[in-house]
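Colleague: Next one to model:
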Amino acid sequence: MTAAESTSAPATDRAPDPVFRTAGPADVPALVALVESAYRGESSRAGWTTEAHLLEGQRTDAAAVAELLGRPDSVVLLVERDGAPAACCHLERRGPAAYFGMFSVSPAIQGGGLGRRVLARAEEWARAAWGSTAMEMTVIEQRADLIAWYERRGFARTGEFEPFPYGDERFGVPLRSDLRFAKLVKPLAPQAG
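Modeller: As a prediction, this is how the structure comes out:
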């Protein structure tokens, strides 16, 4: 994927085609607002990815997003419609695998297929840029609906778990004491020659 890709569409009543690009430091405020809107607070309840029933407080902040952008072997893909952020995800090379996280779609447009397109583009990017042979992620175990969505797209539970960072409000304020992350993995087919 190039730094910016777009396709032109004939004028119709459908939503404009999204523009996929890599995010830079100037995008940090928009990325934070997008992620927060998809997961926390009242605005997140408009979509199905909300974690507001599990966590209060922030999902991320400007320092955390800037840190992701500054890491080697790390990229944030930003998707825009009409120049406004619509979706994003973070990819990080971890050996032969790519870690997939910070996946967010604006609550107002969830359920329209953009999430599937972002996931497919992320897989394509990881294969092309890093030769990744697998995509890994962690999802809060209690998000059965979200895990099922990933399983329908080829991810499988590994049986491995990571603890939730209780006491670190940078990741939110838990509303229950049993949160943990389930690890999911999807093998990536080799990139076509």
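
Colleague: list the helices and strands the longest strand that the chain contains packs on?
Modeller: The longest strand of the chain (DSSP state E) is strand 84-94. Under the contact definition 3 or more Cβ pairs under 8 Å, 6 or more residues apart in numbering; DSSP states H and E, strand 84-94 sits against helix 28-39, strand 74-81, strand 97-105, helix 114-130. The C-beta positions use only the backbone N, C-alpha and C, and glycine is treated the same way.

Colleague: Is it possible to get the ones you listed out as TSV so that each row also shows distance to Pro174, mean neighbour count and mean pLDDT?
Modeller: Below are the helices and strands packed on strand 84-94 laid out as TSV (distance: least, Cβ to Cβ, whole Å; neighbours: other Cβ atoms under 10 Å; pLDDT from 0 to 100):
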stretch	distance to Pro174	mean neighbour count	mean pLDDT
helix 28-39	13	20	94
strand 74-81	25	20	97
strand 97-105	18	22	97
helix 114-130	25	18	96
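
Colleague: of those, which approaches Ala182 most closely?
Modeller: strand 97-105 (13.4 Å; Cβ to Cβ).

Colleague: Can you check what angle separates that closest one from strand 84-94?
Modeller: With axes from the mean of the first three to the mean of the last three Cα atoms, to 10 degrees applied, the angle from strand 97-105 to strand 84-94 works out at 160 degrees.

Colleague: quick one: strands adjacent to strand 97-105?
Modeller: strand 84-94 (antiparallel), strand 134-140 (parallel) (DSSP bridges).
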